[in-house]
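Peer 1: Pasting the sequence and the predicted model now:
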Amino acid sequence: MSSNVFYELPTPAQELFGWPWTGNLDGISFDPLITWPKISIVTPSFNQGKYIEETIRSVLLQNYPNLEYIIIDGGSTDESVSIIKKYEPWITYWETEPDRGQSHAINKGLEKCTGEIFNWLNSDDSYLHDTFYNVANAFIADPDLKVVSGFENHISSAGQLSLYQGTVLAETLEETIELCEISQPSTFFRLSCIMKVNGVSEDLHYIMDGEMWVKFLLMYGQVNFRKLKTTVVNFRFHENSKTVSNSLVNNFLFERCSIVTDLQRFAGVHDDIVDYYVDTIYKSPKVYQLDRKWILNESVITRRHLWLYFTQKYVMKQFRRNNRARAYWGIKQLMENRAFDYFLVKSILKLLWKR
């Protein structure tokens, strides 16, 4: 059993009001008769002294009765370390030393985690005041859940706030995998699942969370997912954030294209289809050769499922472009691989009818 914890935190460096600066006057009441699952939060940080105090306070002032909070600082040279030390009595573990980047910091934090529920919170973002209460209740209500996700507030560099839906699922598992997209700040996992997929890849720096999501989907599918109808996090965009700095959108595109095409090669998709994704769908001038050893739970999805999905999608796109020769070539691929189903019959009839 766990009871409420009301932290008497230090006074903020500036006289600020509102969440998470003005204490815990509106703190959620956690029922002491409930065994609240341990929530492990990791904050990777480097030179985010302007924002990290807000981040820390938004975690601690949840007043969550079973919290494990870990901060992995990459050797900051600004005021970050002094701020972390200020809150040291309420932090489970923290360190400051040079690392190999954000992905490495997240994995270092993961090694320290011992909870049941996991997420990481970057040091320029913050949780809303009832986030842990809502997330924990969802996991308690359904022991089979593996993912709980909410909505996000996106805050622009000018301070403008907009609501974003966060992580969503496509109609099929294959489509969700191809999207390779997760709103990580608002998405909480069973820690055991993230350990099973070995955290994040340290050779990716922009959508390592997207690849982690793909690894999770290949192992567990998308059935044990719950979408909360509430906002759980403030996600900040500013001039130094990875999401917007130096117009780095192409780096996200390169990594997404690299992940999807690597998965296609793993599934045995024809090189012509892989090249079509690179040149026409992603329009990516470069692709990283990842050579991942993808692990699939064949009770969830198989290589053939992936092969069939990407090959059928290729055929559909050729029909939409009125490229009958390439549609015919794709249909031949399906026939040679004995993919005899309704899609193939429909495609053959469409090809004949067009004549």
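Peer 2: Now that the structure is in, tell me what you want to look at.
Peer 1: List the buried residues for the strand ranked longest in the chain?
Peer 2: When the chain is parsed with DSSP state E, its longest strand is strand 225-236. Applying a neighbour-count criterion of 16 or more other Cβ atoms under 10 Å, one finds F225, R226, K227, L228, T231, V232, V233, N234, F235, R236 buried in strand 225-236. Yep, even glycine has a C-beta here, placed from its N, CA and C like the rest.
Peer 1: and what of stretch 32-41?
Peer 2: Across stretch 32-41, burial judged by 16+ other Cβ under 10 Å covers W36, P37, K38, I39, S40, I41.
Peer 1: Show which residues not belonging to that stretch make contact with it.
Peer 2: Outside stretch 32-41, the residues that touch it by Cβ atoms under 8 Å, 6 or more residues apart in numbering are 1-4, 30, 59, 64-70, 113-121, 132, 135-136, 139-140, 188, 191.
Peer 1: Kindly report the same for stretch 272-292.
Peer 2: 203, 253-266, 310-311, 314, 317, 329-330.
Peer 1: Whichever of those count as buried, I'd like them selected in ChimeraX; how would that read?
Peer 2: Those of those that count as buried under 16+ other Cβ under 10 Å are selected in ChimeraX with:
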select :253,254,255,256,257,258,259,260,261,262,263,264,265,266,310,311,314,317,329,330
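Peer 1: ok, the most centrally placed residue in the chain - contacts?
Peer 2: The centroid of the chain falls nearest to Q184 when counting by Cα atoms, centre = their mean (3.2 Å). Listed by Cβ under 8 Å, 6+ apart, the contact set of Q184 reads N119, W120, T167, D209, W213.
Peer 1: Next: T187.
Peer 2: Taking Cβ under 8 Å, 6+ apart, we find T187 in contact with N119, V147, V148, S149, G166, T167.
Peer 1: Got phi/psi on it?
Peer 2: According to degrees, to the nearest 10, the main-chain angles of T187 amount to phi -120, psi 120.
Peer 1: do you know how far L61 is from Y282?
Peer 2: L61 sits 42 Å away from Y282, taking Cβ to Cβ, to the nearest Å as the criterion.
Peer 1: how about the strands of the protein, start to end?
Peer 2: Counting by DSSP E, the strands of the chain are 39-45, 67-73, 93-96, 117-120, 126-127, 147-155, 161-164, 187-190, 225-236.
Peer 1: Looking at the ones you listed, which is nearest to R338?
Peer 2: strand 225-236 (32.6 Å; Cβ to Cβ).
Peer 1: Need the contact partners of the closest one.
Peer 2: Residues outside strand 225-236 that contact it (Cβ under 8 Å, 6+ apart): 51, 58, 121, 124-128, 130-131, 134-135, 138, 142, 145-155, 163-164, 166-169, 183, 185-186.
Peer 1: now do 7 Å
Peer 2: Applying Cβ atoms under 7 Å, 6 or more residues apart in numbering, the contact partners of strand 225-236 are 51, 124-128, 131, 134-135, 138, 142, 145, 147-155, 163, 169, 185-186.
Peer 1: by how many degrees do that strand and strand 147-155 diverge?
Peer 2: Per axes from the mean of the first three to the mean of the last three Cα atoms, to 10 degrees, the angle that strand 225-236 makes with strand 147-155 is 30 degrees.
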